[in-house]
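1. Turn this into a model:
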Amino acid sequence: MKLLFLYLGMAILGYFVGSRLRNAKGPWSLFSKAATLSVFILVFIMGSRIGGDPRVLESLGSIGLTALFITLACFVGSVAFVFLARKWMGIDKKGMKI
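-> I've put the predicted structure just below:
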């Protein structure tokens with residue numbers, strides 16, 4: 001649980017620092033490349049830790065089915081919401097008012 005608070009704290013701190021330096025010029029622009037590299041490394045480490053857990057591998061079938069259901073539900077919900085929002089705002093497929 002301590003690690004969760006640490007990760008969330010680092011993410012929030014990174015957000016505030018990044019939002020202040022978003023349009024900065026000069027050496028601050030290196031932070032963008034460093035942040036991208038850090039995200040790639042973090043995703044790789046998280047994936048290797050999760051993939052190395054025997055409990056995850058044992059329950060991969062049920063996890064995969066649940067993940068598929070959640071993905072499909074998100075996809076269908078997003079498409080439906082965009083369709084309804086465009087109808088409500090009176091916008092066609094090209095973004096023009098009807």
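
2. Confidence-wise, which helix or strand of this structure is lowest on average?
-> helix 54-58 (a mean of 82; mean pLDDT, DSSP states H and E).

3. Could you list the residues in contact with that one?
-> I50, G51, I63 (Cβ atoms under 8 Å, 6 or more residues apart in numbering). C-beta: built from backbone N, CA, C; applies to glycine.

4. out of the residues you listed, which are buried?
-> The neighbour-count test (16 or more other Cβ atoms under 10 Å) marks none of the contacts of helix 54-58 as buried.

5. In JSON lines: the residues you listed, plus secondary structure.
-> JSON lines is the format used below for the contacts of helix 54-58 (DSSP: H, G, I helix; E, B strand; the rest coil):
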{"residue": "I50", "secondary structure": "helix"}
{"residue": "G51", "secondary structure": "helix"}
{"residue": "I63", "secondary structure": "helix"}
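
6. Make TSV from these and add distance to T36 to it.
-> Shown next, in TSV, are the contacts of helix 54-58 (distance: Cβ to Cβ, whole Å):
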residue	distance to T36
I50	21
G51	22
I63	28
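
7. related to what we said a few turns ago, with just CA atoms, put the least confident helix or strand of the chain into CSV.
-> What follows is helix 54-58, C-alpha atoms only, in CSV (Å, rounded to 0.1, in the frame of the first residue of the first chain):
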residue,chain,number,x,y,z
PRO,A,54,2.8,-17.3,-11.2
ARG,A,55,-0.6,-16.4,-9.8
VAL,A,56,-1.2,-14.2,-12.8
LEU,A,57,-0.2,-16.9,-15.2
GLU,A,58,-2.5,-19.4,-13.5
